[in-house]
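J.: I would like to see how this sequence folds:
(one chain, ligands or ions: 1)
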Amino acid sequence: MTTPNILRFTKMHGAGNDFIVLNNCADQLQLNPALIKRLADRHFGIGADQVLVVESSTQADFKYRIFNADGQEVQQCGNGARCFAQYVFDKGLTQKNQITVETLAGIIQPELIRHNWVKVNMGPAEFEPAKVPFVSEGLLSRSIGGLTQYKLPVDAGADVNELWVGVASMGNPHVVLLLEQPASDELVQRLGAVLESHPRFPERVNVGFLNVLDRARAHLRVYERGVGETLACGTGACAAAVVGMKMGLLAERVDVVKTGGTLTIEWSGQSDSDVLMTGPAQTVFEGEFYL
Ligand SMILES: N[C@H](CCC[C@H](N)C(=O)O)C(=O)O
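T.: Next comes the predicted model:
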């Protein structure tokens, strides 16, 4: 067998949202959508929800690039940010417990609270439709507490032709549906697929199904843009929590219970205040991929 061209990687997850982490500080990797899709493929590749890339930065301690399983590069990934911080510390790329990280959505600040447990300042949430982006023109809207909800026409079968939704950006786009009980598999798959590519979201959207349990706990499922449903979504937990907080349904500190684990979200409610997310970051294995 000829000597294969080898790509070394680390497999990690944050509450079940799983990642391939690549060290590209030497800037030698030729990343393209086809390679990302091949790496993320759960049958023909390694398998992951996202591919995370560590690079050098002139603006922060590191640069953090995020690629969805469909190959698209995106602005932010919260579970990935925790794994990123654990990775650079474990690999000896930094000796600092708190680092600054440059993303397409701006600078975020992860902090290793203890091994495999990371708190991240995710920056501010954005609710202005144009900044999500979401095309709200012509839609009926209503105010619930401090949140504006929009009546969104959807073509999702005979029983669903419009939905009241909240929208938010954590640097990446999120639409949040408030449900009376935890979402079923059928609802997540049917509505998630329709909403992810809804024409009023020009960059597509991550779809959160929020069920408030009490003022300090909420259940959440997320059908992620470019992936489908994941066991956890960090930016999705941030977006759903701040939507629930603005509606007056959730306190300033909330445990967001997801299929793969629980994330704690803190937000003071001031529009310019940062959203803090705390949760696990786990290395599963190291590997070599034959290119
Ligand atoms: N699917 C997301 C990126 C990953 C977000 C998620 N894995 C997280 O932990 O925030 C998007 O297209 O914006």
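
J.: So which residues of the stretch 51-200 of the chain form strands?
T.: 62-68, 73-74, 101-103, 106-114, 117-124, 141-144, 147-153, 162-169, 173-178 (DSSP state E, counting those that start in this stretch).

J.: The ligand contacts on the protein?
T.: 17, 49-50, 66, 68, 74, 77-80, 172, 206, 224-227, 230, 233-236 (Cβ under 6 Å from any ligand atom). Where you see a C-beta, it was placed from the backbone N, CA and C, and this is true even at glycine.

J.: how many neighbours does L22 have?
T.: 22 (other Cβ atoms under 10 Å).

J.: Against N5, how distant is it?
T.: 14 Å (Cβ to Cβ, to the nearest Å).

J.: And the helices in the chain?
T.: In the chain, the helices defined using DSSP state H lie at 33-40, 78-90, 185-196, 234-246.

J.: Which stretch among the ones you listed is buried most, on average?
T.: helix 234-246 (a mean of 29; mean count of other Cβ atoms under 10 Å).

J.: just the angle between that helix and helix 78-90, please?
T.: With axes from the mean of the first three to the mean of the last three Cα atoms, to 10 degrees defining the directions, helix 234-246 sits at 130 degrees from helix 78-90.

J.: Out of the strands of the stretch 51-200 of the chain, which one sits most buried?
T.: strand 173-178 (a mean of 26).

J.: and the angle for that one with helix 234-246?
T.: 50 degrees.

J.: Not counting strand 173-178 itself, show me its contacts.
T.: 132-134, 152, 163-168, 183, 191, 195, 198, 201, 203-212, 225, 235-236, 239-240, 243-244, 247, 249 (Cβ atoms under 8 Å, 6 or more residues apart in numbering).

J.: hmm, back to that, any chance of the strands of the stretch 51-200 of the chain in CSV, with mean pLDDT too?
T.: Converted to CSV, the strands of the stretch 51-200 of the chain look like this (pLDDT from 0 to 100):
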stretch, mean pLDDT
strand 62-68, 98
strand 73-74, 98
strand 101-103, 98
strand 106-114, 97
strand 117-124, 98
strand 141-144, 98
strand 147-153, 97
strand 162-169, 96
strand 173-178, 98
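
J.: Quick check: which of those strands is nearest to M12?
T.: strand 117-124 (11.3 Å; Cβ to Cβ).

J.: Strand partners (parallel or antiparallel) of that closest one?
T.: strand 106-114 (antiparallel), strand 274-280 (antiparallel) (DSSP bridges).

J.: If I take it and strand 162-169, what angle do their directions form?
T.: Using the same axes, to 10 degrees: strand 117-124 against strand 162-169 is 100 degrees.

J.: Alpha carbons of strand 117-124, as CSV, please.
T.: The C-alpha coordinates for strand 117-124 follow below in CSV (Å, rounded to 0.1, in the frame of the first residue of the first chain):
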residue,chain,number,x,y,z
TRP,A,117,-16.1,22.1,32.1
VAL,A,118,-16.0,25.4,30.3
LYS,A,119,-17.7,28.8,30.6
VAL,A,120,-17.9,30.9,27.5
ASN,A,121,-18.8,34.6,27.1
MET,A,122,-20.7,34.3,23.9
GLY,A,123,-21.1,38.1,23.4
PRO,A,124,-24.5,39.8,23.0
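
J.: Name the spans of the stretch 101-250 of the chain whose pLDDT lies under the cut-off.
T.: Applying pLDDT under 70 to the stretch 101-250 of the chain flags no residue at all.

J.: redo that, cut-off 80
T.: 158-159 (pLDDT under 80).

J.: State the distance from the nearest residue to F127 once chain neighbours are set aside to the ligand.
T.: Leaving aside its chain neighbours, F127 sits nearest to A168 (5.6 Å; criterion: Cβ to Cβ, 6 or more residues apart in numbering). Noted for A168: a distance of 12 Å to the ligand, by Cβ to the nearest ligand atom, to the nearest Å.
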